[in-house]
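S.K.: I need the structure of the sequence given here:
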Amino acid sequence: MKHNNFAIPKIIIASTSTVYGGRYLDYLTKDLIVHFKNVEELLFIPYARPGGMTHDAYTDVARRFFKKLNIKVKGIHEDNNSKDAIEKAQAVFTGGGNTFLLVKELYDRNLFPVLRQRILEGMPYLGTSAGSNITGQTMQTTNDMPIVKVPDYQTLGIFPFNINPHYLDPAPGLLKHMGETRDTRLKEYLHFNTIPVIALREGSYIHAIAGKWLLKGKLPARIYFSLDDIREVENGTDLKTLLFSV
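M.R.: The predicted structure follows:
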């Protein structure tokens with residue numbers, strides 16, 4: 001891959017907000033304390049709203065967690081000017097849910113340019129699930145149903161790859177898988193696209209800090225460089241170095 005000098009100062013993107021058996025964002029707590037150091041208030045983007053929950057209800061979920069870190073949370077919908085809210089934000093957290101809905105809302109409000117600018121300026125950003133999807137080049141490797149029509153598949157383009165969160169392997173012990181696997185779908189994507197995909201299993205996340213894109217979590221990730229180059233990548237790998245060596 002050609003090095004385009006991608007500068008990503010402070011980003012955490014995670015496959016999920018809750019690991020099975022755990023509580024909301026708990027498994028990220030140690031890194032979030034460092035990530036949001038000196039942040040007194042963050043802006044929460046609830047547009048993906050899982051299960052159709054209200055923006056207020058979703059923001060309250062984030063607010064309860066960050067209260068433990070002594071960080072106030074303001075929902076972007078609580079501001080009359082969402083663009084201005086991003087411009088003034090100390091940090092931004094985009095929650096998971098439906099990526100199509102999130103992308104549509106961001107396009108409708110013309111928020112992609114200002115959000116991208118703030119992130120590249122060094123504003124700390126956290127994204128889970130759908131909020132991770134939008135940091136890639138496009139949303140084409142989301143798992144979500146197209147419940148609304150989006151103007152474009154292009155997203156923030158912060159990273160030079162796409163994300164596939166909640167990556168699942170076929171259940172072990174099955175003699176025959178009864179349906180498509182995630183692996184099958186991502187290979188179908190690679191028949192028509194050249195943007196690599198990082199498939200994050202539950203509990204895995206990428207922490208972009210100090211010029212590195214570190215893979216963290218208990219499970220390895222799978223990187224789909226091409227149909228002929230699919231690799232398992234272990235915890236602790238600097239994905240930036242790996243991607244630009246291909």
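S.K.: tell me which helix or strand the residue positioned nearest the centre of the chain sits in.
M.R.: Of all residues in the chain, the one closest to the mean position by CA atoms, centre = their mean is Ser132, 0.8 Å from it. Applying DSSP states H and E as the criterion places Ser132 in helix 130-133.
S.K.: by contact count, what packs against the following helix or strand past that helix?
M.R.: Next helix or strand after helix 130-133 toward the C-terminus (DSSP H and E): strand 162-167. Under the contact criterion of 3 or more CB pairs under 8 Å, 6 or more residues apart in numbering; DSSP states H and E, strand 162-167 touches helix 130-133, helix 182-192, strand 197-201. Every residue, glycine included, has its C-beta placed from N, CA and C.
S.K.: return the distance of the second one from the chain's centre.
M.R.: Going by CA atoms, centre = their mean, to the nearest Å, the spacing between the C-alpha centre of helix 182-192 and its chain's C-alpha centre is 20 Å.
S.K.: what of stretch 16-26?
M.R.: With CA atoms, centre = their mean, you get 15 Å for stretch 16-26.
S.K.: do stretch 50-69 as well
M.R.: The chain centre lies 17 Å from the centre of stretch 50-69; the measure is CA atoms, centre = their mean.
S.K.: what is the mean pLDDT for that stretch?
M.R.: For stretch 50-69, mean pLDDT is 95.
S.K.: can you pull the buried residues of it?
M.R.: For stretch 50-69, a neighbour-count test (16 or more other CB atoms under 10 Å) marks Pro50, His55, Tyr58, Thr59, Val61, Ala62, Arg63, Phe65, Phe66 as buried.
S.K.: just the CA trace of that stretch, in PDB.
M.R.: Taking Å, rounded to 0.1, in the frame of the first residue of the first chain, the C-alpha atoms of stretch 50-69 are listed here in PDB:
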ATOM      1  CA  PRO A  50     -29.700   0.900  18.300                       C
ATOM      2  CA  GLY A  51     -33.100  -0.600  18.400                       C
ATOM      3  CA  GLY A  52     -34.700   2.700  17.500                       C
ATOM      4  CA  MET A  53     -34.100   4.100  21.000                       C
ATOM      5  CA  THR A  54     -34.400   7.900  21.300                       C
ATOM      6  CA  HIS A  55     -31.400  10.200  21.100                       C
ATOM      7  CA  ASP A  56     -32.000  11.200  24.700                       C
ATOM      8  CA  ALA A  57     -32.100   7.700  26.000                       C
ATOM      9  CA  TYR A  58     -28.900   6.700  24.100                       C
ATOM     10  CA  THR A  59     -27.100   9.700  25.300                       C
ATOM     11  CA  ASP A  60     -28.000   8.800  28.900                       C
ATOM     12  CA  VAL A  61     -26.400   5.400  28.500                       C
ATOM     13  CA  ALA A  62     -23.100   7.100  27.500                       C
ATOM     14  CA  ARG A  63     -23.600   9.700  30.200                       C
ATOM     15  CA  ARG A  64     -23.800   7.100  33.000                       C
ATOM     16  CA  PHE A  65     -20.600   5.500  32.000                       C
ATOM     17  CA  PHE A  66     -18.500   8.600  31.600                       C
ATOM     18  CA  LYS A  67     -19.800  10.000  34.900                       C
ATOM     19  CA  LYS A  68     -17.500   7.300  36.500                       C
ATOM     20  CA  LEU A  69     -14.600   9.000  34.700                       C
END
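S.K.: I am finished for the moment; much appreciated.
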